[in-house]
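J.: I need the structure of the sequence given here:
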Amino acid sequence: MPPIIENDRLRVWFAHLDDSEFEAVLSKIRRNPLLRTVDLRGNSIGPDRAKVLAHTLRYAPLLKRLSLRHNPLVEHDDISGFEAICDALGTHNTLEELDLKATGLTGVAMEPIRRLLTQNRSIRFLDMEENALNEDGVAAVMGGIEANERLIECRLSNGNVGSMKGKMMKGTDCPSETVNTVTVEDRSVNDRLARCLNRLSMRLQEERRCVMNKKAKASAVERGIALRLSHLEEERSAVLETLRLMQTQLEALRQSSSDHITDEKVYLEDSAREIEDIRTRITKAELANDATRRQLHTLLAEKADCEIDIYKHKGYVAEVEKENALLEEKVRELRTDLAKVMRPKGRIK
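T.: Residues are numbered from 1 along each chain as shown. Take a look at the predicted model:
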């Protein structure tokens, strides 16, 4: 089976690679430094191949997930290859998941695991199921867990019987995701297991609480943005209504100025000049009104952006209010000018 590379993942399952095929896989790893997942389950990786793989893993500095399950990493208590892998992974500060299920591990291989957990504080998931660990090996693992505050889940069951009893541990407060370990005859080791599993449980529960708090904060922010958008919509409607009233008043001023023109020639000429001036100002006011309308339409189109930056809308609303104030000032000036025009003048007898 050829190596399968998808984006940043390399997967070769149960191919039972020969030497040339195994070297091809290692070459893929060396040429892809952006790999985040390497899954080599079931490929006859023994102690000698494990040493070569350990050296190759140094070419994957971004590695987050490594699965070596169903490979005989330890044979006849030869832990040299497995120890080399643990030493290589000790410097991978991005590694989060390590799958060593059914890899022939024994109690003597747990000291490298303890060192790995002590050195590498990024590991969050460790699976060592179906390995014949003894009490000393489990105690070594517990020592590593106690030194690693990031580890959330450590699986040791299903085959780790060694010198242990076959009963599941009792009296530990562990969620379903945290796999319980078996009870041992040595009560001190049993108590140590309970403390470590309880610690893993508390870490997982604390992480869940943090996620729920973040979700609650996000919901509160979303509700606040929706409320602010509602207020902005109300303010926009009020501004549009004010502009409509101003337009009506301007039309009324035009009609009123036309109705009050008299037949007197001198008065008509004077009034015509003043009315022309008023019309010019009204035109300017209408242009300003149109500009304000365009700005309001722009604000309406950008309402969706309020979810990103609500303060941006505050600036737009302030700008519209400023322009409305200027328009109101202009209208007051026009009313004053019109009042002057409408003031009756003495007739010439």
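J.: Apart from its neighbours in sequence, what residue is nearest residue 153?
T.: Distances taken as C-beta to C-beta, 6 or more residues apart in numbering put residue 125 closest to residue 153, at 5.0 Å, once the chain neighbours are dropped. Every C-beta, even on glycine, is put in place using the N, C-alpha and C of the backbone.
J.: That neighbour: how many residues sit nearby?
T.: Number of residues near residue 125 (other C-beta atoms under 10 Å) recorded here: 16.
J.: Just grab the bridge partners of it for me.
T.: residue 97, residue 153 (DSSP bridges).
J.: Offset the numbering so it begins at 23, please.
T.: Sure, I'll start counting at 23 from here, so that last one is residue 147.
J.: Identify the residues contacting it.
T.: 118, 119, 120, 173, 174, 175, 176 (C-beta atoms under 8 Å, 6 or more residues apart in numbering).
J.: Shouldn't residue 249 be within a helix?
T.: Yes. Note on residue 249: a helix contains this position according to DSSP: H, G, I helix; E, B strand; the rest coil.
J.: roughly how far apart are it and residue 256?
T.: 11 Å (C-beta to C-beta, to the nearest Å).
J.: before we move on, which element is the spatially most central residue of the chain in?
T.: Closest residue to the average C-alpha location of the chain: residue 236 at 10.4 Å, with C-alpha atoms, centre = their mean. If you go by DSSP states H and E, residue 236 is part of helix 209-281.
J.: domains in this protein, as residue ranges please.
T.: 26-186, 241-364 (automatic domain parsing).
J.: Which of the ones you listed sits closest to residue 224?
T.: domain 26-186 (10.0 Å; C-beta to C-beta).
J.: where in the stretch 123-272 of the chain is pLDDT low?
T.: 179-223, 225-226 (pLDDT under 70).
J.: quick one on the thing from earlier: remind me what the helix holding residue 236 packs against, helices and strands.
T.: helix 157-169, strand 175-177, helix 287-323, helix 332-364 (3 or more C-beta pairs under 8 Å, 6 or more residues apart in numbering; DSSP states H and E).
J.: Serialize the ones you listed to a markdown table and add fields for mean neighbour count and distance to residue 33.
T.: Putting the helices and strands packed on helix 209-281 into a markdown table (neighbours: other C-beta atoms under 10 Å; distance: least, C-beta to C-beta, whole Å) gives the following:
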| stretch | mean neighbour count | distance to residue 33 |
| --- | --- | --- |
| helix 157-169 | 21 | 27 |
| strand 175-177 | 21 | 21 |
| helix 287-323 | 14 | 47 |
| helix 332-364 | 14 | 45 |
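J.: For residue 87, which of those is the nearest?
T.: Set against residue 87 and scored by C-beta to C-beta, the helices and strands packed on helix 209-281 come closest in strand 175-177, at 13.4 Å.
J.: Mind giving me the packing neighbours of that closest one?
T.: Using 3+ C-beta pairs under 8 Å, 6+ apart: strand 175-177 touches strand 147-149, helix 209-281.
J.: quick one, what contacts residue 113?
T.: 141, 142.
J.: nope, residue 85 is what I meant
T.: 57, 58, 59, 60, 79, 114, 116, 117.
J.: Equivalent analysis for residue 114, please.
T.: 79, 82, 83, 85, 142, 144.
J.: at 7 Å what do you get?
T.: 85, 142 (C-beta atoms under 7 Å, 6 or more residues apart in numbering).
J.: quick one on the thing from earlier: could the contacts of residue 147 be laid out in TSV, adding distance to residue 316?
T.: Below are the contacts of residue 147 laid out as TSV (distance: C-beta to C-beta, whole Å):
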residue	distance to residue 316
118	53
119	56
120	61
173	60
174	56
175	59
176	64
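J.: filter those residues to the buried ones?
T.: Listed as buried from these are 118, 119, 120, 173, 174, 175, 176; burial here means 16 or more other C-beta atoms under 10 Å.
J.: ok, so of those, who is nearest residue 160?
T.: Scanning these for proximity to residue 160, where the rule is C-beta to C-beta, the winner is residue 176, at 10.4 Å.
J.: And that closest one, how close does it get to residue 317?
T.: In terms of C-beta to C-beta, residue 176 sits 61 Å off from residue 317.
J.: Thank you kindly, that will do.
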